[in-house]
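Asks: how would this look folded up:
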Amino acid sequence: MNIYVLLKRTFDTEEKISVANGQIQEDGAEFIINPYDEYAVEEAIQIRDEKGGEVTVVSVGSEEAEKQLRTALAMGADKAVLINTEDDVENGDQYTTAKILAEFLKDKKADLIIAGNVAIDGGSGQVGPRVADQLGIPYVTTITDIKIEGESVHIVRDVEGDSEKIETSLPLLVTAQQGLNDPRYPSLPGIMKAKKKPLEELELDDLDLDEDDVEAKTETIDVFLPPKKEAGRVLEGDLSDQVKELVNLLHNEAKVI
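Replies: Below is the predicted model of the structure:
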């Protein structure tokens with residue numbers, strides 16, 4: 001099987017993030033593979049090991065994403081492609097990324113494309129479905145199980161705490177949800193092998209695209225951290241008095257009733 005994984009380099013949200021002048025400050029920030037994309041990489045490797053074929057991970061961004069691509073190679077992916085937009089795209093959005101990926105994938109004869117359900121830095125969940133739409137192939141989001149039998153694909157997807165079973169066919173794009181698998185850690189032999197695996201770097205010109213073709217359709221006005229949580233308040237006294245005080249606080253301070 002010819003499997004492609006869409007991978008994004010994201011901030012590690014477990015680490016401290018600084019925001020200044022409406023921008024996240026990259027200096028000193030930690031970057032990782034988007035966690036949902038780790039599920040995608042793991043599932044691609046498992047399917048390849050079962051069905052045969054090849055796994056290629058693809059990322060759009062700056063040359064710094066090479067580290068995350070190498071990590072995916074160390075996990076077991078066969079090839080990596082970095083589409084470097086650092087010099088060509090100043091402010092991209094989901095449309096920009098999807099347009100670039102679709103242009104790259106259009107002649108690759110992919111049997112299966114796997115993306116993360118969402119990116120933890122933006123959370124829009126748009127890139128995967130947009131790519132599928134531009135390629136003219138079906139897609140299923142938030143999958144928690146996938147079984148491939150010939151050209152038929154049996155999928156279980158998460159739907160707000162419940163499950164939905166879907167049968168579709170290849171070629172197909174799916175987005176990985178938490179619970180699909182447990183991503184492996186790169187082993188030392190895997191890390192050593194990753195250094196010798198091919199990592200191709202492309203630019204927009206290589207895809208016959210220019211800046212106008214991938215111009216963002218949206219604009220980010222501001223980025224800010226959520227306000228700090230205030231300390232809670234403990235109500236005391238008789239239950240009836242506590243209820244009266246709670247209602248008063250909800251009405252006059254919280255202004256939710």
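
Asks: Any buried residues in the strand or helix carrying Ile148, and which?
Replies: Assessed by DSSP states H and E, Ile148 sits inside strand 139-149. With burial defined by 16 or more other C-beta atoms under 10 Å, the residues of strand 139-149 counted as buried are Tyr139, Val140, Thr141, Thr142, Ile143, Thr144, Asp145, Ile146, Ile148. In this view, the C-beta of every residue, glycine as well, is placed from N, C-alpha and C.

Asks: what's stretch 154-172 in contact with?
Replies: With contacts defined as C-beta atoms under 8 Å, 6 or more residues apart in numbering, stretch 154-172 is touched by 110-113, 135, 137-148, 151-153, 174, 177, 179.

Asks: Parallel or antiparallel, which strands does the strand holding Ile148 pair with?
Replies: Under the criterion DSSP bridges, strand 139-149 sits next to strand 152-159 (antiparallel), strand 172-176 (parallel) in its sheet.

Asks: What residues sit buried inside the longest one?
Replies: If I follow you right, that is strand 152-159. Neighbour count says strand 152-159 has Val153, Ile155, Val156, Arg157, Asp158 buried, by 16+ other C-beta under 10 Å.

Asks: go on, stretch 2-13?
Replies: For stretch 2-13, by 16+ other C-beta under 10 Å, it's Asn2, Ile3, Tyr4, Val5, Leu6, Leu7, Lys8, Arg9, Thr10, Phe11.

Asks: cool, and stretch 48-66?
Replies: Residues Arg48, Val55, Thr56, Val57, Val58, Ser59, Val60, Gly61, Ala65, Glu66 are the ones in stretch 48-66 that count as buried (16+ other C-beta under 10 Å).

Asks: What about these, which are in strands?
Replies: Val55, Thr56, Val57, Val58, Ser59, Val60, Gly61 (DSSP state E).
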